[in-house]
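*Asks:* Turn this into a structure:
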Amino acid sequence: MSAPRVVSVAAASAAARAGLQVGDELLSVDGRVPRDVIEYRLLVDEADPEVMVRRGHEEFELVVDKAAGEALGAEVSSAVFDRVRTCDNHCEFCFIYQLPKGMRRSLYLKDDDYRLSFLYGNFTTLTRFTELDLERVVSEGLSPLFVSIHTTDPALRARMLRNERGATSLRWLRALLDAGIEVHGQVVVCPDVNDGAALEATLAGIVDEYALLSTVACVPLGLSRFSTEAAMRPHTTGEATAVVDVVEQWQTIALDLLGRRLVYAADEYYLMAGRPFPETERYDGFPQHENGIGMARAFEAAFHGDHASAHGVKPGFFAWVDGAPAQGYRAPRAPGSPPAVPAPGAGVPVGVVTGEYGAAVLRPLLAPLVTEGAPVRLVVVPNRFFGGTTAVTGLLTGADVSEALRQEPAGHRYLLPDVCLSDDRFLDGATVDQLPRPVEVVPTDGHSLALALGLP
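*Replies:* This is a model prediction of the structure:
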């Protein structure tokens with residue numbers, strides 16, 4: 001187990017007063033060796049913690065003079081100090097298996113760790129969950145958690161996960177809900193596997209057995225050109241339409257039975273089906289915004305000035321891999337993305353860089369600017385690196401963005417959404433300063449885009 005290493009110390013904080021420095025390793029707090037940043041936070045939340053520090057070849061103890069509940073003011077290098085609990089499922093639709101060779105090693109780590117579910121919103125199947133894990137989640141109130149359900153049919157779930165424990169691991173979901181833990185669910189819908197009648201049976205099973213779930217997202221499988229699973233294929237337009245219809249039917253049923261919609265379809269389904277997105281109020285506050293549920297409507301509302309809908313997007317598809325959490329368990333990671341910059345002057349042409357799905361959302365928002373003669377345009381980047389059905393902006397690589405920008409004129413402003421980046425790098429390892437045109441990195445929400453375009 002590695003010790004947490006200090007990566008930043010806030011000025012005038014308790015840590016700074018005690019003499020903690022960047023690079024210090026924290027061997028123990030009050031005699032306990034923290035396993036993860038959750039336990040670390042709980043330990044340093046106490047009054048006057050005694051911290052055993054390793055600095056270079058020297059080990060010594062510091063007593064930090066602070067009140068209970070006062071922030072320590074020291075950020076550490078990772079979320080988990082012991083070994084990340086890796087996933088022992090072998091799902092056909094798993095995107096990690098569809099990565100090409102030669103990318104940085106951290107991207108190939110396939111986790112099934114409830115701690116990362118709590119910290120970052122990662123989805124866990126619970127196939128490696130234990131009684132001790134349940135005890136810790138309940139006693140420490142580690143909520144919310146995010147659980148991959150996929151189907152409530154035990155045999156089908158075991159088949160989809162390629163893990164016999166998939167047939168029984170939803171018993172932990174039942175236990176979490178019974179203990180009052182807030183849980184959000186997910187169903188990755190695969191054509192000819194768990195769609196159609198199987199999807200209806202799953203939603204019926206959820207309403208019947210797991211009605212205490214806060215939300216359930218139905219999302220499409222993602223396929224890259226590197227997939228080797230012959231049975232996995234994209235949805236047809238008709239299949240996407242059918243998923244939307246089934247979800248909306250079960251929203252009505254859930255409203256009647258539970259007083260809330262419970263289940264939601266991903267924005268991608270509405271794009272694939274050519275259907276308008278539901279109205280903002282039908283997303284009930286966007287509780288699964290980062291999972292692509294209502295992202296388009298939230299973006300639209302924030303773009304038009306509804307700042308309450310200005311949900312940010314967690315930077316980077318693999319954000320948890322490359323960054324440590326900032327203050328608070330589920331707060332944005334530090335350092336944050338650069339803020340949006342107001343337009344420097346009228347008449348400067350602006351290119352908004354986006355993926356193909358992002359373009360479908362942005363076109364109607366930017367159309368009035370274009371028709372009024374404002375020099376604003378979309379720079380739509382096809383995802384040639386991953387290919388397949390990968391059309392979301394968050395999976396764009398530096399290579400594809402560079403290819404698109406080479407075709408664009410110099411001297412214009414180019415706005416790049418920060419969802420493309422993790423730890424200031426694209427998925428292929430490229431950095432912003434390697435792009436052929438200078439870009440401004442803008443937080444991925446409608447309000448930030450409006451500010452960057454100089455809109456009131």
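
*Asks:* Give me the distance between the closest residue in space to residue 240 that isn't next to it in sequence and residue 17.
*Replies:* Nearest residue to residue 240, sequence neighbours excluded (C-beta to C-beta, 6 or more residues apart in numbering): residue 272, at 3.7 Å. All C-beta spots, glycine's among them, are computed from the backbone N, C-alpha and C. Using C-beta to C-beta, to the nearest Å, residue 272 is found at 56 Å from residue 17.

*Asks:* And the average pLDDT for stretch 411-429 is what?
*Replies:* Here stretch 411-429 scores 90 as its mean pLDDT.

*Asks:* Over to that stretch now: how far is its first residue from its last?
*Replies:* 26 Å (C-alpha to C-alpha, to the nearest Å).

*Asks:* Check which residues of it are buried.
*Replies:* By 16 or more other C-beta atoms under 10 Å, the buried positions in stretch 411-429 come out as 412-422, 424-428.

*Asks:* Farthest pair within these?
*Replies:* Distance extremes for these: the farthest pair is 412 and 422 at 26.2 Å, using C-beta to C-beta.

*Asks:* pLDDT at the residue nearest to residue 240, what is it?
*Replies:* Residue 272 is given a pLDDT of 95.

*Asks:* now it, what's its secondary structure?
*Replies:* Following DSSP: H, G, I helix; E, B strand; the rest coil, the label given to residue 272 is helix.

*Asks:* Let me see the contact set for it.
*Replies:* Contact analysis of residue 272 by C-beta atoms under 8 Å, 6 or more residues apart in numbering lists 220, 235, 237, 240.

*Asks:* can you check residue 86 too?
*Replies:* Applying C-beta under 8 Å, 6+ apart, we find residue 86 in contact with 109, 110, 111, 112, 113.

*Asks:* again, only using 7 Å
*Replies:* 109, 110, 111, 112 (C-beta atoms under 7 Å, 6 or more residues apart in numbering).

*Asks:* If any of those are buried, put those into a PyMOL selection.
*Replies:* The PyMOL command for the buried members of the contacts of residue 86 (criterion: 16+ other C-beta under 10 Å) is given here:
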select buried, resi 110+111+112
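
*Asks:* Among the contacts of residue 86, which one lies nearest to residue 445?
*Replies:* Closest approach between these and residue 445, by C-beta to C-beta: residue 111, at 26.8 Å.

*Asks:* Report the beta-bridge partner residues of the closest one.
*Replies:* residue 86 (DSSP bridges).

*Asks:* Report pLDDT for it.
*Replies:* So, for residue 111, pLDDT stands at 76.

*Asks:* quick one: the closest residue to residue 260 other than its chain neighbours and residue 208, what's the gap?
*Replies:* Nearest non-adjacent residue to residue 260, counting by C-beta to C-beta, 6+ apart: residue 254, 6.4 Å away. Noted for residue 254: a distance of 11 Å to residue 208, by C-beta to C-beta.

*Asks:* go on, residue 303?
*Replies:* To residue 208, residue 303 is 40 Å away according to C-beta to C-beta.

*Asks:* For the stretch 301-450 of the chain, give me the ranges with low pLDDT.
*Replies:* Applying pLDDT under 70 to the stretch 301-450 of the chain flags residues 307-347, 370-374.

*Asks:* Spell out, range by range, the helices that occur in it.
*Replies:* Secondary structure of the stretch 301-450 of the chain by DSSP state H, counting those that start in this stretch: the helices cover 319-322, 356-371, 398-406, 446-452.

*Asks:* So which of those is nearest residue 246?
*Replies:* helix 356-371 (21.5 Å).
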